[in-house]
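Q: sequence? don't have it. structure:
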């Protein structure tokens, strides 16, 4: 498995790293949620900025990111999830660029999520902004309706590497257990073929096995719940730690 290093954290080595999402709407509630996470063992915080009530206010966003950085030493992943991929709102392209620019220049963000389906031109602009500021890129694709066929999932992961992703991410919805197995097989094959770490998950109750089997199949990070979930099927972080340790191999 390939490695993406952020400080001392090596994503792609050993057990899958645990990311806890934050979906609160106000600065106060976001900071309270981070404080509540201190009792847990985890590796990365994901701020789902599309939930934030002041997402359109550049100064408020900057202030929030700086406060988060002061409050925790965990790597921070900033994620704007568009409406078309299950998020809370749809930004115009220029707004998306400005948001990523503000985050990357804040010196408070370690990673940004960039949606693959935003289009190659926009994706390349966003990747360039991130990398110019030494911020890693998780490039993502989500399908809340189905699990695409093997060829399509492979194509998306290959495109992510070509477009400059530091980590490639796919999250899909299964309708039967064969869908889950298909995702796991794609993950195993592509984690060996590509030169970037992968993060994959099959959502919902049916797909829970994909959230804990990453060390076996090649998925380098998993998203758990520390309260409110950001996607269906997320496992509480306390259980996640037990499950990952149970199947860990040295």
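A: That came in fine, so what should we check first? Note that the structure is a prediction, hence the values are computed from the model and not measured. Residues are numbered from 1 along each chain as shown.
Q: What is the end-to-end distance of stretch 203-217?
A: End-to-end distance for stretch 203-217: 16 Å, by CA to CA, to the nearest Å.
Q: Can you show me the strands along the chain?
A: Ranges of strands in the chain, per DSSP state E, are 4-6, 9-11, 17-22, 44-48, 76-79, 111-115, 136-143, 167-172, 198-202, 221-225, 235-236.
Q: For those strands, give me JSON lines that also has distance to residue 99 and mean neighbour count.
A: Glycine gets a C-beta too; all of them are placed from N, C-alpha and C. As requested, those are exported to JSON lines (distance: least, CB to CB, whole Å; neighbours: other CB atoms under 10 Å):
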{"stretch": "strand 4-6", "distance to residue 99": "20", "mean neighbour count": "18"}
{"stretch": "strand 9-11", "distance to residue 99": "23", "mean neighbour count": "19"}
{"stretch": "strand 17-22", "distance to residue 99": "16", "mean neighbour count": "24"}
{"stretch": "strand 44-48", "distance to residue 99": "12", "mean neighbour count": "23"}
{"stretch": "strand 76-79", "distance to residue 99": "8", "mean neighbour count": "24"}
{"stretch": "strand 111-115", "distance to residue 99": "9", "mean neighbour count": "24"}
{"stretch": "strand 136-143", "distance to residue 99": "14", "mean neighbour count": "23"}
{"stretch": "strand 167-172", "distance to residue 99": "18", "mean neighbour count": "26"}
{"stretch": "strand 198-202", "distance to residue 99": "21", "mean neighbour count": "26"}
{"stretch": "strand 221-225", "distance to residue 99": "21", "mean neighbour count": "24"}
{"stretch": "strand 235-236", "distance to residue 99": "29", "mean neighbour count": "17"}
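Q: Can I get those in CSV including mean pLDDT and distance to residue 179?
A: CSV is the format used below for the strands of the chain (pLDDT from 0 to 100; distance: least, CB to CB, whole Å):
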stretch, mean pLDDT, distance to residue 179
strand 4-6, 96, 27
strand 9-11, 97, 26
strand 17-22, 96, 23
strand 44-48, 97, 25
strand 76-79, 98, 24
strand 111-115, 98, 22
strand 136-143, 97, 11
strand 167-172, 97, 7
strand 198-202, 97, 7
strand 221-225, 94, 18
strand 235-236, 89, 19
